[in-house]
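> Let me see the structure of the following:
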Amino acid sequence: MKIAFIVNPKSGKAGKNNEILKIVREFTRGRGLDANIFVTKHKGHPNRLAEDAKLAGFKRIIVVGGDGTINEVANAIVGSEIEIGIVPCGSGNGLARHLNIPLDVDRALNIATGCSIEHIDCGKVGDRCFFNVMGIGIDAAICRSFENSNRGLFSYIKAGLVTFNRYKTNIYKIVVDGKSTRNELCMIAIANSSQYGNSAYIAPSASVRDGIFRMVYLNKPSWLRLLLLAYRLFFQTIERANFVTSLDAKSILVSSNDSFLFHLDGEIQPATTHLEISLIPSCLRVVSNGESF
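Numbering: from 1, shown residues only. Here you go, the predicted structure:
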């Protein structure tokens, strides 16, 4: 099989992945793989590399990076017969954690070059897909703040606290599978998988193989409830909180009189006043570890 490795050496914490390219090269040589290694240079480059790999006839693309790099590559090959392998090296690694792919590079490389393939769902917004979680409101604002900081869980928490202190809610009209509501909300999360990353579970019951989203939204909580929310995120109990609304959905419309930020798998998108979100079942071929997820 002809394999392309797309490596983002800047994923994750600064300096963490300095040796990642060397490890990948040694792995491909040691296994005698028919592989080409491509290194990303800037945002948008992983998508272009994946498009080129698709045209060149590669049957599998292995992404060495975080959720943003995975998103760019997967957007280039979604709906095709090309398989995607994942070697998680990002700051959160939400999709990899959901898929039970180990964070250890050697173990992940072994899985990514294996034979077990699963089909997973994706969400679509306009011409872009997401595979893990998309968010509207404060979590998008946190992602924007986080983009310009050092990577890692501590930096994400710090960005979250600063953003929460000054964030203003928005009034949204939400239509879920034809049923309309209007609410003043702090956040709307639309989950294809269960967590943002770092084991912070925004939708513990979500699955990438069930043909539905798990939608979670909430008003701006008090500081006390924010602490409770953080606790529930990491102990997989957020859906039990009485100040959180959680429901299943296949088709979602979100609109507001005021523009709002949103992100796809942690990647900030241009502000808008209207979004249509749909689910595409079983559209991405992922190399798995052979276990259930």
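
> Helices along the stretch 151-293 of the chain, start to end?
Ranges of helices in the stretch 151-293 of the chain, per DSSP state H, counting those that start in this stretch, are 153-166, 223-234.

> I'd like to know which of those helices is closest to residue 204.
With C-beta to C-beta as the criterion, residue 204 lies closest to helix 223-234 of these, at 9.5 Å. To be clear about C-beta, it is placed using only N, CA and C from the backbone, and glycine gets the same treatment.

> number of nearby residues for the closest residue to residue 140 other than its chain neighbours?
Once flanking residues are discounted, residue 140 sits nearest to residue 261: 3.9 Å by C-beta to C-beta, 6 or more residues apart in numbering. When neighbours are defined as other C-beta atoms under 10 Å, residue 261 has 20 of them.

> how far away is residue 261 from residue 271?
For residue 261, the distance to residue 271 equals 5 Å [C-beta to C-beta, to the nearest Å].

> What of residue 235?
Distance from residue 235 to residue 271, counting by C-beta to C-beta: 33 Å.

> which residues sit in contact with residue 200?
Listed by C-beta atoms under 8 Å, 6 or more residues apart in numbering, the contact partners of residue 200 are 92, 233-234.

> please redo it, this time with the cut-off set to 7 Å
233-234 (C-beta atoms under 7 Å, 6 or more residues apart in numbering).

> What's opposite it in the beta bridge?
residue 197 (DSSP bridges).

> The residue nearest to residue 140 against residue 141, yeah?
Yes - with contacts counted by C-beta atoms under 7 Å, residue 261 reaches residue 141, the gap being 5.8 Å.

> Name the spans of this structure whose pLDDT lies under the cut-off.
Applying pLDDT under 70 to the chain flags residues 13-18, 147-156, 159.

> Of all residues in this structure, which one is nearest the centre?
Centroid-nearest residue in the chain, with C-alpha atoms, centre = their mean: residue 265, separated by 3.1 Å.

> That one and residue 190: what is the separation?
11 Å.

> Residue 275: which of the helices of the stretch 151-293 of the chain is closest?
Nearest to residue 275 among the helices of the stretch 151-293 of the chain is helix 153-166 (20.5 Å), distances taken as C-beta to C-beta.
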